[in-house]
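A.B. asks: Any chance you could fold what I've pasted below:
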Amino acid sequence: MTTGPERGFVFAATGEVYVTLARRAARTLRIAIPDAEIDLFTDTPTGDPVFSQEHALSDGFFRPKMEAMRRSRFERTIMLDADILVLTPIPELFDILDQYEMAGVAGISRRRKFYDPKDRIPRAIPNVNTGVLAIRRTEATQTFLGEWNRRVRENGDRLDQPAFRKLLWELKPKFLVLTQEYNLMYKNFLDIWFGEMGYPRVLHVADLHRRPQGDPETPLTPEEALGRVRANHLERLRAADWTLGGDPALRTPLPPPPHVQSTRSLARMLVQSIRKR
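C.D. replies: Numbering: from 1, shown residues only. Next up is the predicted model:
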């Protein structure tokens, strides 16, 4: 494989819904990192200038990320799902690849579909959320990606995480488990996220593909992804994060629980209705 740039981000998307989300997510990423190298692997060429390069996928397989990672022109790749919002520069995810070959955030779901007792893999080996993966191109990682792709295809798996977990156990790559702020998937985590926990770097909002996708030339925003209350809390967390130049002495009160938010919204609607009479 021809050696490409040292560091870059890759999206892989098929179909109009996911391609639109990838275009919007890439714009959000470019706000955070204006000079980022961002490639798209797709079955639907866009010609969108937000991407540094576009690459045609070899077929229409619904899990294109394995092919995209194997063919990435970057020595160090951060692979992103289309429903991802990168909120800050994250050079540290490239830097850790000095010592590790791969990195990803541990998933917190213990649903049966992610774990097969017949595998005899210790429960402590985590299910990894593959929506954000950092990977350095080595012979070992190319083998890992090829085998991952083969197993998911041949087994007809709807999910790619179980095969990924098995391969972590079997092939033993130099893998680093990242903390939740690099792939924060559960929005309600923000309801208990204090300032001293820092500012989440990457949001993963899985229900975005079930909503209207919006204008592909408009960046995804935290308010659109999280709602106004949680987005406001996110801004307070950023202002208090010392690693981003913030003031750790700032108060970061937790947002009200969702049921309280709903009650307040209902109260406001009633007040407005009375005032209009």
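A.B. asks: Flag the shaky bits of the stretch 151-277 of the chain, pLDDT-wise.
C.D. replies: Counting by pLDDT under 70, the stretch 151-277 of the chain shows low-confidence ranges at 258-277.
A.B. asks: Identify the spatial nearest neighbour of residue 149, chain neighbours not counted.
C.D. replies: Distances taken as Cβ to Cβ, 6 or more residues apart in numbering place residue 66 nearest to residue 149, at 3.8 Å, with adjacent residues excluded. C-beta here means a position set from N, CA and C on the backbone, and glycine is covered the same way.
A.B. asks: and the gap between residue 79 and residue 129?
C.D. replies: Distance of residue 79 to residue 129, given as Cβ to Cβ, to the nearest Å: 12 Å.
A.B. asks: same thing with residue 226?
C.D. replies: Separation of residue 226 from residue 129 (Cβ to Cβ) stands at 18 Å.
A.B. asks: With neighbour numbers in mind, choose between those two.
C.D. replies: Each of residue 226 and residue 129 has its neighbours counted (other Cβ atoms under 10 Å); residue 129 has more, 24 against 20.
A.B. asks: Using the three-state scheme, assign that one.
C.D. replies: Under DSSP: H, G, I helix; E, B strand; the rest coil, residue 129 falls in the strand class.
A.B. asks: Quick check: it touching residue 204?
C.D. replies: Yes. If you go by Cβ atoms under 8 Å, residue 129 and residue 204 touch, sitting 7.1 Å apart.
A.B. asks: list residues touching both of those two?
C.D. replies: Residues touching both residue 129 and residue 204 (Cβ atoms under 8 Å, 6 or more residues apart in numbering): 183, 185.
A.B. asks: re the thing from before, shouldn't the residue nearest to residue 149 be within a helix?
C.D. replies: Yes. Counting by three-state DSSP, residue 66 is part of a helix.
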